[in-house]
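# Show me how the following folds:
(2 chains)
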Amino acid sequence: MIAERYWNKTVEAAPLAVFRFLFGLLMLLSIIRFASYGWIDKLYFDPIFHFHYYGFEWVTVPPTWLCYGLFALCGISAIAVALGWHYHQSIVIFFLSFSYIELMDKSTYLNHYYFISVVSFLLIFLPANRYWSYDVKQGRILASNRVRAWQVDAIKVLVTIVYFYAGLAKINEDWLCRAMPMSIWMPGKLSITGLGDLMHQRWVHYFFSWCGMLYDITIAWLLWYRPTRKFAFFLVIIFHLLTALMFPIGMFPYIMILAASIFFSASHHERFLGFVNKWLPMHVNTVTDAVLAPIWTKWIVLIVLLLQLVFPWRYLWSHGDLHWEESAYRFGWRVMLHEKTGDAQFRILNKSTGQFFYVQNNDFLTPLQRKEMSTQADFIWEYARMLERHFVGQGHSDLAIYVDSHASLNGRAVQTFVDGTIDLLSIEKPCELYRYIQPLEDD
Amino acid sequence: MKRLGQILFFLGVLVICPLACGPDTDPFDDLMSDGFDRKEMLVHWADNVIIPAFASYAHATDALKTSAVNFGLALDEDSLLKLKEHWLDAVKKWQGVSMFDIGMAEQISLRDFSNIYPVDVEMIENHISTGQYNLELPSTRVAQGLQALDYLLYANQDIERVLADFDDQRRRQYLQAVVERLDSLAQQVLDHWQSGYREAFISTDGSSATSSVDKLTNDFLFYFEKFLRAGKVGIPAGVFSNTVLPDRVEGYYSQRYSRSFTELGLNATVDFFIGKSYDGDVNGPSLEDYINHVTAQNGTRDLTLVILEQWDKARQAIESLDPNLTRQIENNNVQMLKAYDELQKAVVLLKVEMLQALNIQVDFVDADGD
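Residues are numbered from 1 along each chain as shown, chains lettered A, B, ... in the order given. Predicted coordinates:
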């Protein structure tokens, strides 16, 4: 059977080892960068309130020393992953610590954090330490230069899904017909390189919108196909370096460049390892070609990838505009896709006296939290609950909370966002608030 | 090797092309030169708006210092009136610099030390009677600055009584200390701008959250939302509390100036937005121009017109108020709330549409546009 043959097929192990090594290094770099900018304090200790993912309310910011410890643990496990030192324990610790950090405050959501979580979860079930690792060097496991083909393909399929879905998401009217939000994002960019004037040109916005879409849709396939692979990788580098120059997207470009490198044939990776091995000798003399993957892991990998294929489509079940309502926007590889700004003023009403007052959001939220909160209904819902707790704690009672919220999507004129006549406290679950979002109107 | 050569060539072309096609030599100059010059705007802001505004404010605090010394020596009606006059001038000039919370002003918390209200009368009297105070402590912000002077000079409407109070050496000393601190903060900020910060300010002309344009625009908006809309109007009108708080107006003790401070704050806001120079002579590149430049191309509505119209409505609503906002709140708060609503509508336009049009980053963190 073809499936049987595929599951048993083996390939060289070098690409997986290189991926493990570079992934670990990049993660270490990310953690160091994050800490050195003071973002641990800024994002987790400056705010007096944190937004939670539905179902993950139990993930809270730990006390200072424990939180720093968590980041340290995450960084150290990243080094261990890179070196393949007690790899299985390390990658589990990395996945758990990274994901915990990611879940502590929803306002820090980034697609590439989610990508890192998914990749590290997959890596738990992949034998990325069988070759060129401390585990084989120190004899904890048998060195092998063969792994099963699906174990390398799993990463490639995930990368394919990320790119292709990001491309599909760009096929919408605003992106292609109005060059939005590129027309908002590009002016003022790249002025230091002398390309600043170009960034104001209308045709350049369209050019970048369409190129971005075509790139995302096709790049994974060009990477799969050997004759176009080198050209595709060249495009990957150009594309991501350009986005790194233009947009404040942090480590994302470098992570994607790394991820795309897994498509190269084993000989490239061998050469790279030969080079690195001079400084970091982890090659051993006796290498077998024995493959010992426990067979059940393939089902987990398969389920993860199938979930990735299906989950982004959940928006088909929501009734409003995907970008305006955002009930099914996150976790769908919608990267740098729209521009939304808003303002939300909360009115606290005492139902028995009829007295009301407004809240100064500055008192409770950081600028980043305010920005995220004012354009997303689930944030508005949770913030209202938090305000209720605060004011009840101050001795207020019998409260109703209303929101005067306004937002703008992709350069449209500002319009009302959530229905201002609904008492937010009467809504039991955040998902129920989506029904009260006013329909998006075009100018 | 051949492939490497191709790649190097291609990279070379990428780098050289923009250099060779710079605006100076480019035959398609007209086609390419529609870029908005952020640096030019920063230079205009620094040289024609911010530095003159701080110079004028620092000049006013200096004059205030002199008249406080004279008042201490003469202790008569004339010198008191002179002192009050210079105080009023300083508060008016303050309205022109309050929003520029950047550089040294941000570092030393100029706004918090210079114009916090309501002041803590008990703390002020305690400072005076004990003679023990350190005005550099953050906790003493509510006992110093222009609003503490408002209390010291105006708490008593009867001039004879004020003069009698200042017969007390300790009260004179405190007045002196407050005025000196106010002036030294102002000079410090002005000196900083004049001794190198201007260059740092205009050279940070990129478009990240730490660039001068993004930072000052955020400051501008924060000022308008928090200190003008809320501080001068919303808080005393009871928007953020269960009851009205008529004693929370700016210049509570002098009574008759609170509306004019609000008007001056709004003027400063509008002037900054339209790029009017501090002396009113030139109109330079501004946020208004920048928005027009950006929106002209992507076919969105004429946002700057909408914003300016909204500010006009707000100004009319404010002008219709009693010069003494405390009296306005006590007599007819509805009109005060109306003024607040008009200001809030402007906040929505600025925060939602202006920030989006200019793609201003609200904070220095990673973002992927969702």
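
# I'd like the next helix or strand past the helix or strand bottoming out on mean pLDDT in chain B.
One helix or strand of chain B scores below all others by mean pLDDT, DSSP states H and E: helix B:29-32, with a mean of 34. Sequence order places helix B:38-44 as the next helix or strand after helix B:29-32, per DSSP states H and E.

# So which residues on the stretch 101-250 of chain B come close to chain A?
The stretch 101-250 of chain B comes close to chain A at residues B:205-209, B:213, B:218, B:226, B:230, B:234, B:238-242, as judged by Cβ under 8 Å from any Cβ of the partner chain. C-betas here are computed from N, CA, C, even on glycine.

# which of these count as buried?
B:205-207, B:209, B:213, B:218, B:226, B:230, B:234, B:238-240 (16 or more other Cβ atoms under 10 Å in any protein chain shown).

# ok, these vs chain A, which is closest?
Taking Cβ to the nearest Cβ as the measure, chain A sits nearest to residue B:207 out of those, at 4.1 Å.

# That closest one - nearest residue in space that isn't next to it in sequence?
residue A:188 (4.1 Å; Cβ to Cβ, 6 or more residues apart in numbering or on different chains).

# Please settle this for me: is the one you found part of a helix?
No - under DSSP: H, G, I helix; E, B strand; the rest coil, residue A:188 sits outside any helix and is assigned coil.

# Assess the claim that it and residue B:37 are in contact.
No - if you go by Cβ atoms under 8 Å, residue A:188 and residue B:37 don't touch, sitting 10.3 Å apart.

# Contact partners for the spatially most central residue of chain B?
The residue lying closest to the centre of chain B (Cα atoms, centre = their mean) is residue B:99, at 1.8 Å. Listed by Cβ atoms under 8 Å, 6 or more residues apart in numbering or on different chains, the contact partners of residue B:99 are B:219-220, B:223-224, B:227, B:268-269, B:272.

# Okay, the residue nearest to residue B:207 and residue B:361: tell me how far apart.
In this view, residue A:188 and residue B:361 are 11 Å apart by Cβ to Cβ, to the nearest Å.

# Looking at these two, which has the bigger crowd around it?
residue A:188 (26 against 23; other Cβ atoms under 10 Å in any protein chain shown).

# And the pLDDT at that one?
According to the prediction, residue A:188 has pLDDT 72.

# residues contacting it?
A:196, A:199, B:36, B:38, B:207, B:213, B:358-359.

# Relative to residue A:147, how far out is the closest residue to residue B:118 other than its chain neighbours?
Spatial nearest neighbour of residue B:118, excluding adjacent residues (Cβ to Cβ, 6+ apart): residue B:248 at 5.4 Å. Residue B:248 sits at a distance of 70 Å from residue A:147 (criterion: Cβ to Cβ).

# Who has more neighbours out of those two?
residue A:147 (25 against 20).

# Give the helix, strand or coil label for residue A:11.
strand.

# count of neighbours near it?
19.

# how far away is it from chain B?
Residue A:11 sits 25 Å away from chain B, going by Cβ to the nearest Cβ, to the nearest Å.

# check contacts around that residue.
A:146-149, A:152, A:266.

# What about the contacts of residue A:188, which are in helices?
B:38, B:213, B:358 (DSSP state H).

# Least confident of the residues you listed?
Confidence-wise, residue B:38 trails the rest of the ones in helices among the contacts of residue A:188, at 84.

# Could you check how many residues crowd around residue A:351?
Neighbour tally, residue A:351, other Cβ under 10 Å: 13.

# same check, this time on residue B:189
Number of residues near residue B:189 (other Cβ under 10 Å) recorded here: 26.

# That one and residue B:104 touch, don't they?
Yes - under the criterion of Cβ under 8 Å, residue B:189 makes contact with residue B:104 at 4.7 Å.

# list residues touching both of these two?
By Cβ under 8 Å, 6+ apart, the residues touching both residue B:189 and residue B:104 are residue B:110.

# rewinding a little: any chance of a markdown table for the buried ones among the residues of the stretch 101-250 of chain B next to chain A, columns secondary structure?
Formatted as a markdown table, these follow (three-state DSSP):
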| residue | secondary structure |
| --- | --- |
| B:205 | coil |
| B:206 | coil |
| B:207 | coil |
| B:209 | coil |
| B:213 | helix |
| B:218 | helix |
| B:226 | helix |
| B:230 | helix |
| B:234 | helix |
| B:238 | coil |
| B:239 | coil |
| B:240 | coil |
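
# Out of those residues, which is nearest to residue A:37?
residue B:209 (11.3 Å; Cβ to Cβ).

# who touches stretch B:221-240?
With Cβ under 8 Å, 6+ apart, stretch B:221-240 has contacts from A:357-360, A:362, B:98-99, B:101, B:111, B:241, B:244-250, B:258, B:261-262, B:265-266, B:269, B:318, B:325-326, B:329, B:333, B:336-337, B:339-340, B:343-344, B:346-347, B:350-351, B:354-355.

# Report the buried residues of it.
B:221, B:223-240.

# got the end-to-end distance for it?
From its first residue to its last, stretch B:221-240 covers 19 Å (Cα to Cα, to the nearest Å).

# so for it, what's the average pLDDT?
The average of the pLDDT scores along stretch B:221-240 is 96.

# next one: stretch A:47-65
For stretch A:47-65, the mean per-residue pLDDT is 95.

# Quick one: end-to-end distance for that stretch.
First residue to last in stretch A:47-65 (Cα to Cα) measures 17 Å.

# Quickly check: that stretch near chain B or not.
No - Stretch A:47-65 stays clear of chain B (Cβ under 8 Å from any Cβ), getting no nearer than 11.7 Å.
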